[in-house]
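Colleague: Need the 3D shape of this:
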Amino acid sequence: MDSTVPGVIQKTVVPLLLNYMPAIVTLVVAWITVSQFYFKKKEEPPAETQNDARRRSSVEPKPDKSKSQHSPVPAKSKKKQAEKWTGRDAKQNFAHEWLLTNLKGHTGAILDMDFSANGKFLATCADDRAVYVWSTRDWKEKEHKYIRYNVEYDHASLISWSPDSKAFVYNRSVDNLLEVCKLTKRSDGWIQSLSKAVTFPQGHKDETIGLGISSNGKYIMTCSNATDLILWDLERH
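Modeller: Numbering: from 1, shown residues only. A predicted model of the protein is given here:
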């Protein structure tokens, strides 16, 4: 009989291991699986129950819907934007308690204007080569009545009504000479047409800067940058 320790182990322990090996392997695998599941579950935070969710929603403040969801605009940007719109509106719309109306027609810079002696008309001239004669009777209305007179190849820089309100005189800016325009009226008192009546000879060599008609309608006076005055006698024209 082999009584040595290796012999005893070979005869007793080895057969037992061979018989129970499947069970041992199964236990080891099961232990590893259970251990991994246990430690993984221990690391995860506890799931929120339905009661916890209700309790949390009742405690948390609700968002204010009245506040804008967009990011706030810096105060500096708001100020610049306000100045931009204010400046644009100031050019387009002027408001004052004395303001009666706004007249829109010219496309260029307005250079001169004059009311007729009877108060029915306003004549305006601009560097857009146009003279506008406005009716003063409908200034409280939304639409304003006017008639346009075109200055050929030039523009009027000065304008003045005759005392009888039947004609006006204007100065041609480039040619630097005077012209008279007469009105033809309709039966209702409004203007039917405007037509050139007289062209004066050139008097000033320098730019004409002033124009006036005497109250009796007999004389026209003009002045220029050259410090000279010219008195025109209308009875001779």
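
Colleague: Do you know the pLDDT at A167?
Modeller: With respect to pLDDT, A167 scores 95.

Colleague: And for the residue lying closest to it once chain neighbours are set aside, the neighbour number?
Modeller: Nearest residue to A167, sequence neighbours excluded (Cβ to Cβ, 6 or more residues apart in numbering): K182, at 4.6 Å. No exception for glycine: its C-beta is placed from N, CA and C like everyone else's. Neighbour count of K182, defined by other Cβ atoms under 10 Å: 14.

Colleague: For K182, give me its contacts.
Modeller: K182 is in contact with K166, A167, L194, S195, K196, A197, counting by Cβ atoms under 8 Å, 6 or more residues apart in numbering.

Colleague: Pull the most distant pair out of the residues you listed.
Modeller: Spanning the widest gap among those are K166 and K196, at 14.2 Å by Cβ to Cβ.

Colleague: related to what we said a few turns ago, which stretch of helix or strand covers the residue nearest to A167?
Modeller: Assigned by DSSP states H and E, K182 belongs to strand 177-185.

Colleague: likewise S35?
Modeller: Using DSSP H and E, S35 sits within helix 5-43.

Colleague: now G212
Modeller: Per DSSP H and E: G212 is located in strand 208-213.

Colleague: my read: A226 touches G203, true?
Modeller: No. If you go by Cβ atoms under 8 Å, A226 and G203 don't touch, sitting 10.9 Å apart.

Colleague: quick revisit: between the strand holding G212 and strand 177-185, how big is the angle?
Modeller: Relative orientation of strand 208-213 and strand 177-185, computed by axes from the mean of the first three to the mean of the last three Cα atoms, to 10 degrees: 40 degrees.

Colleague: Could you list the buried residues of strand 208-213?
Modeller: Residues of strand 208-213 classed as buried by neighbour count (16 or more other Cβ atoms under 10 Å): T208, L211, I213.

Colleague: Save these as CSV, and put in pLDDT too.
Modeller: Output for the buried residues of strand 208-213, formatted as CSV (pLDDT from 0 to 100):
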residue, pLDDT
T208, 95
L211, 96
I213, 96
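
Colleague: can you put those residues in JSON lines and add distance to I24?
Modeller: Below are these laid out as JSON lines (distance: Cβ to Cβ, whole Å):
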{"residue": "T208", "distance to I24": "124"}
{"residue": "L211", "distance to I24": "125"}
{"residue": "I213", "distance to I24": "130"}
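
Colleague: re the thing from before, partner strands of the strand holding K182 and their direction?
Modeller: Partner strands for strand 177-185, per DSSP bridges, with pairing direction: strand 167-172 (antiparallel), strand 191-199 (antiparallel).

Colleague: model confidence over that strand, on average?
Modeller: Over the span of strand 177-185, the pLDDT mean works out to 94.

Colleague: Also stretch 130-137?
Modeller: Stretch 130-137 comes out at a mean pLDDT of 93.

Colleague: tell me which residues in it are buried?
Modeller: A130, V131, Y132, V133, W134, S135.

Colleague: which residues are in contact with that stretch?
Modeller: Here stretch 130-137 has contacts from 103, 105-108, 115, 119-125, 144-151, 155-156, 159, 168, 170, 181, 183, 190-191, 194, using Cβ under 8 Å, 6+ apart.
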